[in-house]
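> Need the 3D shape of this:
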Amino acid sequence: MADNSFYATGKRKTAVARVWLRPGSGKVQVNKMTVEDYFGGGFDYMQKISKPLALTDTAAKFDILATLTGGGKIAQTEALRHGISRALLIVDPEHRAPLKKAGFLTRDQRAKERKKYGQKGARARFQFSKR
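Below you'll find the predicted structure:
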């Protein structure tokens, strides 16, 4: 990317968002598409993504370019929000207090537990029969 861009990585469960902030007018591009095209309708994804920008009054100052992989759509939006928040810290460390208070800097690491061998699932066992 360009020299005047700020990069950060956001994560949630298995979703990973690579985020670049560039000075601009506030456009958001996700995997070379607009947010509406990438996420579709139904849930208001743009509202969740733009919360860190609204909290720090930087909504119209930066263009966001993001690459999302893994997880579902909700996890990807939260990973994107985490990446934007971390990139805003690189832009200005003064943003730390409001972002931390809102919980945008905390990585949600809950993920599905792996299935163990000799068992039906992660915790579920096969039914035991005595006779």
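> ok, and for the top helix by length along the chain, which residues are buried?
Ranked by residue count, the top helix of the chain under DSSP state H comes out as helix 73-91. Across helix 73-91, burial judged by 16 or more other C-beta atoms under 10 Å covers 75-89, 91. Bear in mind the C-beta positions are built from the backbone N, C-alpha and C, glycine included.
> how far is the helix or strand that comes right after that helix from where the chain is centred?
The helix or strand immediately downstream of helix 73-91 is helix 96-102, counting by DSSP states H and E. Distance of helix 96-102 from its chain centroid, counting by C-alpha atoms, centre = their mean, to the nearest Å, is 16 Å.
> Which stretches in the protein count as helices?
Using DSSP H, helices in the chain cover 35-39, 45-49, 51-55, 73-91, 96-102.
> which other helices and strands contact the first one?
In this structure, helix 35-39 packs against strand 28-30, helix 45-49, with contacts taken as 3 or more C-beta pairs under 8 Å, 6 or more residues apart in numbering; DSSP states H and E.
> among these, which is the most enclosed?
strand 28-30 (a mean of 20; mean count of other C-beta atoms under 10 Å).
> Each with direction, which strands does that strand pair with?
When sheet partners are counted by DSSP bridges, strand 28-30 sits next to strand 33-34 (antiparallel), strand 62-69 (parallel).
> So what touches the first one?
Spelled out, that is strand 33-34. Contacts to strand 33-34, defined as C-beta atoms under 8 Å, 6 or more residues apart in numbering, come from residues residue 28.
> Much appreciated, bye for now.
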